[in-house]
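1. Here's a sequence, model it:
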Amino acid sequence: METNLPTELLEALRRDAGGSALILTGGGNLTAAAQAAAAAMECENHAQAPCGHCGHCRKVLAGIHPDVVTAADSEHKMISVEVLRTLRADAYILPNEGRRKIFIFPDCALLDQGAQNVLLKVVEEGPEHAAFLFCAKSAGVLLPTLRSRCAQWRVGGDAEAVAAEDPRTGELCRLLAGRDHLGLAAFFTALETARCSREDLQTILEQTWQRVAQALLLASGCAAEPAGEEVQALSQGLSRPALSAAADLLREQARQLRFNLNVGHTAGAMRWTRSSPPASS
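-> Model prediction:
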């Protein structure tokens, strides 16, 4: 069976060495990639997984396998904490038919910070039979603490382009760290004047959110990886309350852009820095 999964990931899954928590990013069909990965985990023909022909593969690909659960919340725009608590409890129940109990999150932009925090412990310390597949156009929508517990793979031919750093991200980080209110206003005005696309602005905000979240961890003494210059500057230039407020706003504005919020509205919302508390001494 042909899939859009990276060859290295397929080989690891066939050896049962793919890990129990994966982040699939990029410009390919991430939901299809997650289904293929789930089928490989459940496939009866390990050497050719996913074969696409065995009973487990057919059920996974048809969306009817009892041990493969797709996270969804029909009552809310975002996936609620209550739904995730139910999924978390389900992870500890043994599989019905397959070798694994697999949970697919087809759009991680629908997981807010509280929702992701619900998943942290089960992703890190859950039962061996549980597996979690997170789909995200950009890994920046996921908390650094959650990303650190997962193996990240890029899917699709244009994944490298999607994951590429936008140079405007660095500029925005520098303006935030320097508390340059006029510069921030000019930055977003320039984006609007240049008719920046919603997709590009979403990427900028997500990448900046990722750095602000890392800076907050650094400022709190909880950094799990070496910090780059931009992260260090943010942690030194803004207080922890200001970093927290910035992270919340950046992530919310990036999420709102998925629902057709325009660039002009986002530019106005980003004037939050005018009333931010001063950096801690």
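2. quick one: the nearest residue to Ala136 once chain neighbours are set aside from Phe132, how far?
-> Nearest non-adjacent residue to Ala136, counting by CB to CB, 6 or more residues apart in numbering: Cys108, 4.0 Å away. For the C-beta atoms, the positions are set from N, CA and C on the backbone; glycine is no exception. Noted for Cys108: a distance of 11 Å to Phe132, by CB to CB, to the nearest Å.
3. Same question for Arg100.
-> 10 Å.
4. For those two, work out which one has more neighbours and name it.
-> Between Arg100 and Phe132, Phe132 has the larger neighbour count (other CB atoms under 10 Å), namely 24 against 19.
5. so what's the more buried one bridging to?
-> Beta bridges link Phe132 to Ala21, Phe103, judged by DSSP bridges.
6. Double-check it against Ile23; I have them as touching.
-> No. Applying CB atoms under 8 Å as the test, Phe132 and Ile23 come out as separate, 9.2 Å apart.
7. can you list residues touching both of the two?
-> With contacts taken as CB atoms under 8 Å, 6 or more residues apart in numbering, Phe132 and Ile23 have Cys150 as neighbours in common.
8. check contacts around Leu216.
-> Contacts of Leu216 (CB under 8 Å, 6+ apart): Ser235, Arg240, Leu243, Ser244, Ala247.
9. chain center to the helix or strand containing it, what's the gap?
-> Element membership for Leu216, per DSSP states H and E: helix 198-219. Distance of helix 198-219 from the chain centroid (CA atoms, centre = their mean, to the nearest Å) equals 11 Å.
10. Pull out the buried residues from that helix.
-> 200-219 (16 or more other CB atoms under 10 Å).
11. What segments of this protein are helices?
-> Here the chain has its helices, by DSSP state H, at 7-14, 30-42, 55-62, 81-91, 113-125, 144-147, 159-163, 167-177, 181-193, 198-219, 229-237, 240-257, 263-269.
12. Going by neighbour count, list what's buried in the third one.
-> Within helix 55-62, the residues that qualify as buried are His56, Cys57, Lys59, Val60, Leu61, counting by 16+ other CB under 10 Å.
13. my guess is the first one meets Ala38, correct?
-> By that I understand His56. No. Using CB under 8 Å as the test, His56 is too far from Ala38 to be in contact (9.4 Å).
14. Good, wrapping up.
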